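Asks: next one to model:
(2 chains)
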2 protein chains.
Amino acid sequence: MQRNGALYSLVVSTQNGPRKAEAIFAATLELLAEHGYDKLAIEAVAARSGVNKTTLYRWWPSKDALLAAALRDSGLFALDVPDTGSLRGDLLAVSAHILRLLTSEQTSPAVVATLTAGPRRPELGEVARSFFADRMAREEPIFARATARGELRDGVDPVLVMDLLAGAIWFRLLLRGGEAGPEFLEDAVDAVLDGVA
Amino acid sequence: MQRNGALYSLVVSTQNGPRKAEAIFAATLELLAEHGYDKLAIEAVAARSGVNKTTLYRWWPSKDALLAAALRDSGLFALDVPDTGSLRGDLLAVSAHILRLLTSEQTSPAVVATLTAGPRRPELGEVARSFFADRMAREEPIFARATARGELRDGVDPVLVMDLLAGAIWFRLLLRGGEAGPEFLEDAVDAVLDGVA
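Replies: Numbering: from 1, shown residues only, chains lettered A, B, ... in the order given. Predicted coordinates for the structure are as follows:
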């Protein structure tokens, strides 16, 4: 039994896990957008993605684990770290990516519902922290290359740069309820690079 | 009757309205923090503040109107526009004010619950827009004085400056789940003023 169990796990791992992961993530994000976090049920994800519920639980022991994995690993959110040859070009590309996540019909509901859940949903705070820590790790090479090219002032924290840029886009769109197009991104990147004084 | 009604309104206006407004706002914000937006009831606000329900409805025709007024007019959120003599000093003072709103036990639950409600709560979007439009109007003199002193580069949009600064604080605290103390505020203000390139 033990052996069969292990074998079954292995089969599941290679066939249903990675192979169906994108369908599972898509179902998770769709259901989240449709019903909100509270009503997101593993059963419904299983039904929509055509995967057995126990398989889902084997991979992701909780709703939050599944949601964190969807945000981190779904192709929908994939960040191809830009390498345009300049810090300005790279920051513009990353900013455009953030803007897409926040405005695309496919990604916006999940991103916003999860990441702005606030302190009444402490379990989602961990999902958000995990998501942004992963993003920051992927963005680090942009700043390492900029430093090597002498484009970044000594002692500047890359996390602060991303707080300013990502924060401005989130703030403008979601809190101020304003517009943010390519011109806004250019203005924001130039302000952060060159200052406003 | 008509005359008595008008007289009664007048008495209410001067005695229960402005005089009890702060108690009403405090009750609104406490109940919001305790129960969340969905369960915030005008009846409960009336009971806690000792004001007649019909009086509340006369002043604020809806829950959102009351909430918007509480965020805009409660002394808890009052922004004394700083005039420190320099743009850097003023921006540091405004940033410290934003940090307090987001971290104080009295204000944080209401601010966060209301302003990060997201697209599933369109009625709250209007409250957020109204709140931030009012803030921006109050912050304008900071930038007018900075321009007069030659401290702000020509053509820089004050709204962008506030998006960057306020956005960085919100992003660091609420999305990244990080810390933001006085040093972070100084780093953010200096980055926006002088640039990171």
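Asks: could you point out which element follows the longest helix along chain A?
Replies: Longest helix in chain A, counting residues (DSSP state H): helix A:122-148. The helix or strand immediately downstream of helix A:122-148 is helix A:158-170, counting by DSSP states H and E.
Asks: ok and that following helix relative to helix A:122-148, angle-wise?
Replies: Put simply, helix A:158-170 runs at 120 degrees to helix A:122-148, going by axes from the mean of the first three to the mean of the last three CA atoms, to 10 degrees.
Asks: helix A:158-170 - contacts with which helices or strands?
Replies: Counting contacts by 3 or more CB pairs under 8 Å, 6 or more residues apart in numbering or on different chains; DSSP states H and E, helix A:158-170 packs against helix A:87-103, helix A:122-148, helix A:182-194, helix B:158-170, helix B:182-194. In this view, the C-beta of every residue, glycine as well, is placed from N, C-alpha and C.
Asks: who touches the first one?
Replies: Just to be clear, that refers to helix A:87-103. A:77, A:79, A:82-84, A:107-108, A:111-112, A:139, A:142-143, A:145-146, A:149, A:151-152, A:161-162, A:165-166, A:169-170, A:173-174, A:180, A:182, A:185-186, A:188-190, A:192-193, B:197 (CB atoms under 8 Å, 6 or more residues apart in numbering or on different chains).
Asks: equivalent analysis for the last one, please.
Replies: Defining contact as CB under 8 Å, 6+ apart, one finds that helix B:182-194 is touched by A:156-157, A:160-161, A:163-164, A:191-192, A:195-197, B:87-88, B:91-92, B:95-96, B:99, B:161, B:164-165, B:168-169, B:172.
Asks: can I get that helix in CSV, CA atoms only?
Replies: Provided in CSV are the C-alpha atoms of helix B:182-194 (Å, rounded to 0.1, in the frame of the first residue of the first chain):
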residue,chain,number,x,y,z
PRO,B,182,11.2,57.9,10.1
GLU,B,183,14.3,56.7,8.3
PHE,B,184,12.1,55.2,5.5
LEU,B,185,10.2,58.5,5.2
GLU,B,186,13.5,60.5,4.9
ASP,B,187,14.8,58.0,2.3
ALA,B,188,11.6,58.2,0.3
VAL,B,189,11.4,62.0,0.4
ASP,B,190,15.1,62.4,-0.6
ALA,B,191,14.7,59.9,-3.4
VAL,B,192,11.8,61.8,-4.8
LEU,B,193,13.5,65.2,-4.4
ASP,B,194,16.9,64.3,-5.6
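Asks: coming back round to it: and the buried ones among the contacts of helix A:87-103, selectable in ChimeraX?
Replies: Here is the ChimeraX command that selects only those of the contacts of helix A:87-103 that count as buried (16 or more other CB atoms under 10 Å in any protein chain shown):
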select /A:77,82,107,108,111,112,139,142,143,145,146,151,152,161,162,165,166,169,170,173,174,180,185,188,189,190,192,193 /B:197
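Asks: rounded mean pLDDT for stretch A:168-179, please.
Replies: Averaging pLDDT along stretch A:168-179 gives 91.
Asks: run the chain-centre distance for it.
Replies: 18 Å (CA atoms, centre = their mean, to the nearest Å).
Asks: my guess is residue A:125 contacts residue B:178, does it?
Replies: No - counting by CB atoms under 8 Å, residue A:125 sits too far from residue B:178 to count as a contact (11.4 Å).
Asks: list the contacts for the closest residue to chain B within chain A?
Replies: Closest to chain B within chain A is residue A:167: 2.9 Å, counting by CB to the nearest CB. The contact partners of residue A:167, taken as CB under 8 Å, 6+ apart, are B:163-164, B:166-172.
Asks: and the closest residue in space to residue A:53 that isn't next to it in sequence, how many neighbours does it have?
Replies: The shortest distance from residue A:53 to any non-neighbouring residue, by CB to CB, 6 or more residues apart in numbering or on different chains, is to residue A:46 (4.2 Å). Each residue near residue A:46 was counted by other CB atoms under 10 Å in any protein chain shown, and the total is 18.
Asks: which SSE is residue A:46 in?
Replies: Secondary structure assignment for residue A:46, by DSSP H and E: helix A:42-49.
Asks: buried residues, that helix. List them.
Replies: Judged by neighbour count (16+ other CB under 10 Å), helix A:42-49 contains these buried residues: A:42, A:44-46, A:49.
Asks: tabulate the helices and strands packed on helix A:158-170 (JSON lines), appending distance to residue A:31.
Replies: JSON lines is the format used below for the helices and strands packed on helix A:158-170 (distance: least, CB to CB, whole Å):
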{"stretch": "helix A:87-103", "distance to residue A:31": "18"}
{"stretch": "helix A:122-148", "distance to residue A:31": "15"}
{"stretch": "helix A:182-194", "distance to residue A:31": "31"}
{"stretch": "helix B:158-170", "distance to residue A:31": "28"}
{"stretch": "helix B:182-194", "distance to residue A:31": "37"}
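Asks: of all the ones you listed, which has the lowest average per-residue confidence?
Replies: Across those, helix A:122-148 gives the lowest mean pLDDT, at a mean of 90.
Asks: who does it touch, helix- and strand-wise?
Replies: Contact here means 3+ CB pairs under 8 Å, 6+ apart; on that basis helix A:122-148 packs against helix A:63-73, helix A:87-103, helix A:108-115, helix A:158-170.
Asks: I'd like the ones you listed as CSV, with distance to residue A:57 appended.
Replies: CSV is the format used below for these (distance: least, CB to CB, whole Å):
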stretch, distance to residue A:57
helix A:63-73, 9
helix A:87-103, 28
helix A:108-115, 20
helix A:158-170, 33
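Asks: return the most buried member of these.
Replies: For these, average neighbour numbers computed from mean count of other CB atoms under 10 Å in any protein chain shown are highest in helix A:158-170, which has a mean of 25.
Asks: chain center to that helix, what's the gap?
Replies: Chain-centre distance of helix A:158-170: 15 Å, with CA atoms, centre = their mean.
Asks: kindly format the C-alpha coordinates of that helix as PDB.
Replies: In PDB, the C-alpha atoms belonging to helix A:158-170 read as follows (Å, rounded to 0.1, in the frame of the first residue of the first chain):
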ATOM      1  CA  PRO A 158      16.300  48.900  -4.800                       C
ATOM      2  CA  VAL A 159      13.300  48.000  -2.600                       C
ATOM      3  CA  LEU A 160      12.700  51.700  -2.100                       C
ATOM      4  CA  VAL A 161      12.800  52.400  -5.800                       C
ATOM      5  CA  MET A 162      10.200  49.700  -6.400                       C
ATOM      6  CA  ASP A 163       8.100  51.000  -3.500                       C
ATOM      7  CA  LEU A 164       8.000  54.400  -5.100                       C
ATOM      8  CA  LEU A 165       7.200  53.200  -8.600                       C
ATOM      9  CA  ALA A 166       4.800  50.300  -7.900                       C
ATOM     10  CA  GLY A 167       3.300  52.400  -5.100                       C
ATOM     11  CA  ALA A 168       2.600  55.300  -7.400                       C
ATOM     12  CA  ILE A 169       0.900  53.100  -9.900                       C
ATOM     13  CA  TRP A 170      -1.300  51.300  -7.300                       C
END
